[in-house]
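Novice: Build me a structure from this.
(one chain, ligands or ions: 2)
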Amino acid sequence: MPSKKVDSERKYECHRCWVEMDKTEIEIFGPNLIIDVCPKCNGIWLDKGELDKLLKDRKLANYLTKHIGTKSKSPMICPRCAMTMDIEKADDVEVDVCLNCGGVWLDECELDRLKEKSKEGYKGDPLVKQEEIKEEKRFKARNSRLNKFLNKIKK
Ligand SMILES: [Zn+2]
Ligand SMILES: [Zn+2]
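Specialist: Ligands and ions are numbered 1, 2, ... in the order given. Down below sits the predicted model:
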């Protein structure tokens, strides 16, 4: 993909190699996208919504970044907000998604592999998603019970 380096104030560090990532401008249809690329491992950091623009496959991007549950299965820490991340799978491609900000970490080649999945028509596995949606519901229910309890003791 055509890309060039750009200067920008806010830089993130790659949480695999602990080096500053380069802001890289990617030409896409519409306004160009500025993403963070690690100069060492070539990993890519995408803020929320950017995967959709890069993949041009909303269904697959949503599958990977929406309703991702609450449990962290990834050892990685989000380069943007330092919160825990989860592993989301598109078939055999595993990507790290931040449970807090919804940003996505892609190792080298993973974007290309996701594009291939998209071309093949892969839209995600509804059974896997069901489990994570349940997890989110349980978490929300627990939180609302906790809030009710806290409200009671405040009174
Ligand atoms: Zn790196
Ligand atoms: Zn984050």
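
Novice: Bridging across strands, which residues link to the most centrally placed residue in the chain?
Specialist: By C-alpha atoms, centre = their mean, the chain has its centre lying nearest to residue 104, at 2.4 Å. Applying DSSP bridges to residue 104 yields these beta-bridge partners: residue 46, residue 97.

Novice: List the residues that contact it.
Specialist: Residue 104 makes contacts with 45, 46, 50, 51, 64, 65, 95, 96, 97, 98, as judged by C-beta atoms under 8 Å, 6 or more residues apart in numbering. In short, each C-beta sits where N, CA and C put it, glycine included.

Novice: if you set the cut-off to 7 Å instead, what comes out?
Specialist: Shown in contact with residue 104 (C-beta atoms under 7 Å, 6 or more residues apart in numbering): 46, 51, 64, 65, 95, 97.

Novice: swap in residue 67?
Specialist: 129, 132, 133, 136 are the contacts of residue 67 under C-beta under 7 Å, 6+ apart.

Novice: what's around residue 110, how many residues?
Specialist: 18 (other C-beta atoms under 10 Å).
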